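In: Next comes the sequence, and after it the predicted model I'd like to discuss.
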Amino acid sequence: MTTKNFPGYFRWLLLLLVLAIFPWFLKDQGYAIRVLILVMLFAAMAQSWNIVGGLANQISLGHAAFFGIGTYTSTILLIRFGISPWLGMLAAMLVAALAGAILSIPTMRLRGHYFALATLAFGEVMRAIANTWTSLTGGPVGISVPFSQPSLSLMQFKSSLPYYYIMLGALVITTVIFILISRSKLGYRLRAVKANPEAAEVIGVNTVRTKVMAAVISAALMGACGTLYAQFNFFFDPDTAFSLTGVSIRVALICIIGGIGTAAGPIIGAFFIIPVEELFNDLLSGQAAGVSQLGYGLILIAIILIEPHGISALLERGKKMWKGKRYV
Amino acid sequence: MASHGHPPKHSPRRRQFVAGTGMLALAAALPTLSLAQQKTINVGVILPLSGANAQFGINSRQGIELVADEINAAGGIKSLGGAKIKLIVADSTSAATTAATVAQRLITQNECVAILGAFASSLTLAISEVTERRGVPLLTMSFSDQITGRGFKNVFQVVSKGSLIGKCQFDYAVALASGNQKVNKIAIVYEDTAYGTSQATGLRDAAKAAKTEIVMDEAYPLGISDVTPLINKLRNSGAQIVFPVSYLNDSLLIIRTMRQQKIDMPIVGGAAGYVIPDFAKALGEYAEGVLSIAPANYDLGPQYTERYRKRFGAFMVHEALEHAVCMDVLAQALEKAKTTAPDGVREALRSTRFNGGWTQAMTGGAVKFDDTGLNTLAEPVMVQWRKNELVTVYPKALAKGNFIQRKAV
Amino acid sequence: MQLLQALIDGLLIGGVYAVISIGLTLVFGVVGIINFAQSQFLMVGMFIAFFAWKFLGLDPLFGAVLAFAGVFVLGALIQKYLISRVLKAPEVSQIFLTVGLLIVLENLALIVFGSEFRSVQTAYQTSAWRLGGLMFNVPYVAAFAVSAVTGLLIWWVLKKTWWGWAVRATSQDVMAAQLVGISPARVHQMAFGLGVGLTALGGSIILPYLTVSPTIGDQFGVLMFTVVVLGGLGNILGAVVGGLAVGMIQSISSLVMPIQLQNLALFLIFILVLAVRPEGLLKKAS
């Protein structure tokens, strides 16, 4: 830890402190805190996605598969066997990790668009399975997570605060894992594979193992987020848990808009996208049908046109311009 | 920019003038401030106003607006000093997570006294998790069995359960056919979302209970673009009646393909796509005589439902009617409760038998919720298309017209 | 006999899938992006054909020409002002630009046209020809015929005209194409316009048996991608073969397994093809 890094850590700690204290100023069980909870959960999900999307440059459009596995695994264990969602979360991570490993097999040689399409199909496969395997998943009608009373061991609360801290914890953990990976030997190998897979093989990087490891970790984290979602929202169905637009595309979008490959990207992206969506819904959805969604789509296009590399890059541009001005 | 030599911007005379005007304005406003008579009551309306269910969401909103406007025109909620209903309308989108967040927003920011919505059962279930925890009543016409099956205290469903609707779809059809022939073999086809699946369960159980053979029982993906394999199977199945549970696109595909293959068997639809004006508009004469189950029908209360046609130009589809009933029930509950506090409203909703206003247009002629939140007076009705209108033909007690056998193809 | 019927049905509908999907693969092959909004142009084409039927009395099979023309222009403009800006950007940005476009088109349609489901009535909508013990669904046959004609036209344009040569040159090597005087920007506009126009044409020829609403495109999104992947991204003949294959798989699979699992089967084949032979089942032919 050199002194050069000190300001960096300081910024993270400050952010953490602000996030930790902030909810106390909000109305409990209110709207603002709910939005923040979702922001942090989706930021954690986007951070999990960042591991394959950012470090390995594999654009996955099927991460909902792991998310949905997470929601169903822990909830089925809870309802059928009374197992605590904390343990259920571990099981969810295992099953999701297994799915990640399995998905790696057909996608091993794929890059770019092809990888995106294959993962998209995988997500849809999982959704179709959940929809048709009614005896296991309850089918298209979905599952309601039973709520008896606030309980830590059952990960269910009436107040929003415990959920807030759980999601904050998830965000912290996924971000730390992301940073650790990107600074570790695995991160080095991933960058090598991203830059030039053939060259990487030549210098001794086991590309297969590298890719599988990234996929497994990313999938496991995503699965854990699924459990958290189930315990927070109390209801989900195959369309929600394995949603292409609501989960797969959204987490990729959040990461990209924020700045793919950076630790701050998912957080910036989530803090931007979800409140913006809510704002449009709030202001416009009472008007003619479709107006709020239209607004959201236009903003999306605008951002990509202005800065295709995302808001992080936009901020960098801004910083450079600012630095440049100071010397005028 | 500062002009030092000039007199200060706000001269003493100007200040006096402003103060005087301000006090006059305040005095004028005082009566309205102190009496606070024209209160408004915020009612949250969460419906899919984008995405595949947009049409149903829009119809439902129109039904609610019609009733809210009527109530306000008649003087608002009289027991609360003539307070007017203000609808806070929001798009649930088609995502359950968003629907729940929207519900949270309406409760927190807009202080809605109750929520009406959200047509699709998955959206309603997600919203109900929020309203239950906040103790805010939710009135709905979604009919998944799960809605009233969780022991929630704040859900109020004005229509029968999905499994009952499916059961009646079968039982009524058999009753209507009993004059002509015994029904031994039936086919069930349904779209594979929550709606189709849960109603198919009701159909299946009813058929099994009647010891009728189900020779075909097929789900199909909602976005299916080619039903030929499905209808081929139907043709070869030997079924006497087909019970399709579909939205509009698939219902049209099914009926048209059946026509093409000259399949003659009676069709008893499962509401949704089978009971909207677009169905008749698309099929023209081929819609004539098609039967469908429905949770409610507009011809049971024309003195009310014709107002919808006058204002919006088409007959009042059942989701609009049921949402209108939700609005009226809420208004009557507010009248009775004499408060906007959630506990009082909930209590009034649960304990009252509502038989005024729009509740008379509901099957059952009145509305009464039991402990699970289900309106036990509601019963499904069988309707038949006659010249682009839906006529209730069963049960006999409610029928507005006689059931007519369809002419052979 | 059942098998033969299933084959015929699958083939007929497959022709339609092919026409709808050629556009997607063309756009990828020439412009280099995967247009996630492609299915929305199907919806736009359907609306154009519907209004042509309603106000001009044109049968959708002829209205398809109008649909093609209208969406061609729309597509060229979108390429010029939107897509061209992200051609140098990372792939993900391209993907998400088209996702944004998808949302905008769908909701614009909802605002402008409303949410009702609209349907045309044609004389042959509910007829079927009988031959032997087999049934030929007339709207399907008509759609297939138009698809076949369109396919041949496209082949002719791409192989025999100067413009088609320019398109193929650009898709193979942009620099070289520029050196011989081709304007890549122009070619991209024409190609994108042609691509989405074809999908729009496909939409209008299926109007007789489907209904049009702002969300009708969603039903065909994944189907189009499956066809294109099977045939190989960028391979036009592949899209034709892929379309026919998907139609037949859908149809035949219903004989051996529940119809509900139709899409599941398609997705699994999709993944399998990508895993084993990402360039598609056909050898790369431009």
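Out: Ah, there it is.

In: Give me the buried positions along stretch A:201-216.
Out: A:205, A:207, A:210-216 (16 or more other CB atoms under 10 Å in any protein chain shown). Heads up, the C-betas are built off the backbone N, CA and C, glycines and all.

In: in which helix or strand would I find residue 255?
Out: Defaulting to chain A. Per DSSP states H and E, A:Cys255 falls inside helix A:249-258.

In: Actually, chain C is the one I wanted.
Out: Going by DSSP H and E, C:Leu255 is part of helix C:236-256.

In: which parts of the stretch 201-350 of chain B sit against chain A?
Out: Selection of the stretch 201-350 of chain B residues close to chain A by CB under 8 Å from any CB of the partner chain yields B:Ala219.

In: try 10 Å
Out: B:201, B:219, B:221-222 (CB under 10 Å from any CB of the partner chain).

In: buried stuff in the helix or strand following the helix holding C:Leu255?
Out: Next along the chain after helix C:236-256, taking DSSP H and E as the criterion, comes helix C:262-276. Across helix C:262-276, burial judged by 16+ other CB under 10 Å covers C:262-271, C:273-275.

In: The helix holding C:Leu255 and chain B, are they touching?
Out: Yes: if you take CB under 10 Å from any CB as the test, helix C:236-256 does meet chain B, through C:247, C:250-255.

In: angle of that helix against helix C:262-276?
Out: In terms of direction (axes from the mean of the first three to the mean of the last three CA atoms, to 10 degrees), helix C:236-256 departs from helix C:262-276 by 130 degrees.

In: hmm, helix C:236-256 in reach of chain A?
Out: No: using CB under 10 Å from any CB, helix C:236-256 stays clear of chain A, coming no nearer than 13.2 Å.

In: quick one on the thing from earlier: ok, and which of the buried residues of helix C:262-276 reach chain A?
Out: C:262-271, C:273-275.

In: Pick the one among the residues you listed closest to C:Gln5.
Out: Set against C:Gln5, the nearest of these by CB to CB is C:Gln262 (16.7 Å).

In: gap between B:Asn375 and B:Val325?
Out: Distance, B:Asn375 to B:Val325, using CB to CB, to the nearest Å: 9 Å.

In: elements contacting the helix holding C:Leu255?
Out: Contacts defined by 3 or more CB pairs under 10 Å, 6 or more residues apart in numbering or on different chains; DSSP states H and E place helix C:236-256 against helix B:228-237, helix C:2-31, helix C:138-160, helix C:218-231, helix C:262-276.

In: quick one: it to helix B:228-237, angle?
Out: 30 degrees.

In: B:Leu87 belongs to a strand, doesn't it?
Out: Yes: counting by DSSP: H, G, I helix; E, B strand; the rest coil, B:Leu87 falls inside a strand.

In: What score does the closest residue to chain A within the stretch 151-286 of chain C have for pLDDT?
Out: Among all residues of the stretch 151-286 of chain C, C:Ala275 sits closest to chain A, at 3.1 Å; criterion: CB to the nearest CB. At C:Ala275, the model reports a pLDDT of 86.

In: which residues does it contact?
Out: Contact analysis of C:Ala275 by CB atoms under 10 Å, 6 or more residues apart in numbering or on different chains lists A:105-110, A:114, A:118.

In: out of those, what pair is the most spread apart?
Out: The span of those, defined through CB to CB, is set by A:Ile105 and A:Tyr114 at 14.7 Å.

In: For the two, indicate the residue with more neighbours.
Out: A:Tyr114 (18 against 11; other CB atoms under 10 Å in any protein chain shown).

In: how close does that one get to C:Leu102?
Out: Taken as CB to CB, the span from A:Tyr114 to C:Leu102 is 20 Å.

In: swap in A:Ile268?
Out: Counting by CB to CB, the gap from A:Ile268 to C:Leu102 is 24 Å.

In: Give me the nearest residue to C:Ile216, chain neighbours excluded.
Out: Counting by CB to CB, 6 or more residues apart in numbering or on different chains, C:Ile216 lies nearest to C:Met43, which is 5.2 Å off, once chain neighbours are set aside.

In: All set now, cheers.
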